[in-house]
Each structure stands twice: as C-alpha cells, then as structure tokens.
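Peer 1: this one's sequence-less:
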Ligand SMILES: [Zn+2]
C-alpha cells in the first residue's frame with residue numbers, strides 16, 4: 001500500500017481505495033452524513049473550509065481475527 005501511495009502521491013481517497021483494492025482483501029469507503037464540510041479543524045488558519053477528507057487506516061474484521 002505504501003508503495004502504491006509513493007507512486008501516486010496526489011491521489012484522492014477514492015483513487016487510493018481503488019488502487020489498493022487490488023492489493024488488499026477489501027477496502028471500505030464511507031461518506032459522513034450532514035452538510036459539508038462535515039468536520040471542523042481545530043484551527044482553520046484563515047482558510048474557508050469547503051470540505052473535509054479523512055482516511056481511517058486499520059484492519060478489516062477478517063484480518064483482525066487471531067489466526
Ligand atoms: Zn482484511
């Protein structure tokens with residue numbers, strides 16, 4: 001996955017999900033409900049925030065099972 005990201009440093013979350021789907025068993029993407037930007041930064045540093053994008057990294061339930 002890190003190699004894929006290194007080759008596609010400007011990929012969007014959807015592109016990352018599609019790109020790594022072939023490398024991993026499954027990738028889950030979900031939308032956050034509510035009006036944009038859905039999240040607020042602790043400090044906007046003067047920016048007017050249009051949208052937020054968050055990636056949660058971890059193991060799916062199958063991979064998290066002890067073998
Ligand atoms: Zn998995």
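Peer 2: Good, I have the coordinates. Keep in mind that this is a model prediction, so the values were computed, not measured.
Peer 1: how about the residue nearest the centre of the chain: what's its closest non-neighbour residue?
Peer 2: For the chain, residue 55 is the residue whose C-alpha lies nearest the centre (Cα atoms, centre = their mean; 2.6 Å). Leaving aside its chain neighbours, residue 55 sits nearest to residue 13 (5.6 Å; criterion: Cβ to Cβ, 6 or more residues apart in numbering). Bear in mind the C-beta positions are built from the backbone N, C-alpha and C, glycine included.
Peer 1: ok, the one you found touching residue 53?
Peer 2: Yes: look at residue 13 against residue 53 with Cβ atoms under 8 Å: they come within range, at 5.5 Å.
Peer 1: so the residue nearest to residue 55 versus residue 6, what's the distance?
Peer 2: Separation of residue 13 from residue 6 (Cβ to Cβ, to the nearest Å) stands at 16 Å.
Peer 1: over to residue 67?
Peer 2: Counting by Cβ to Cβ - residue 67 and residue 6 are separated by 29 Å.
Peer 1: who's more crowded, these two?
Peer 2: Shown here are residue 67 and residue 6; by other Cβ atoms under 10 Å, residue 6 has more neighbours (8 against 3).
Peer 1: I'd like to know how many residues surround residue 66.
Peer 2: Residue 66 has 3 nearby residues by other Cβ under 10 Å.
Peer 1: could you pull up phi and psi at it?
Peer 2: Reported as degrees, to the nearest 10, the phi and psi values for residue 66 are phi -70, psi 140.
Peer 1: quick check: which ranges of the chain have low pLDDT?
Peer 2: 1, 21-32 (pLDDT under 70).
Peer 1: can you give me the helices for it?
Peer 2: Ranges of helices in the chain, per DSSP state H, are 2-7, 13-21, 61-64.
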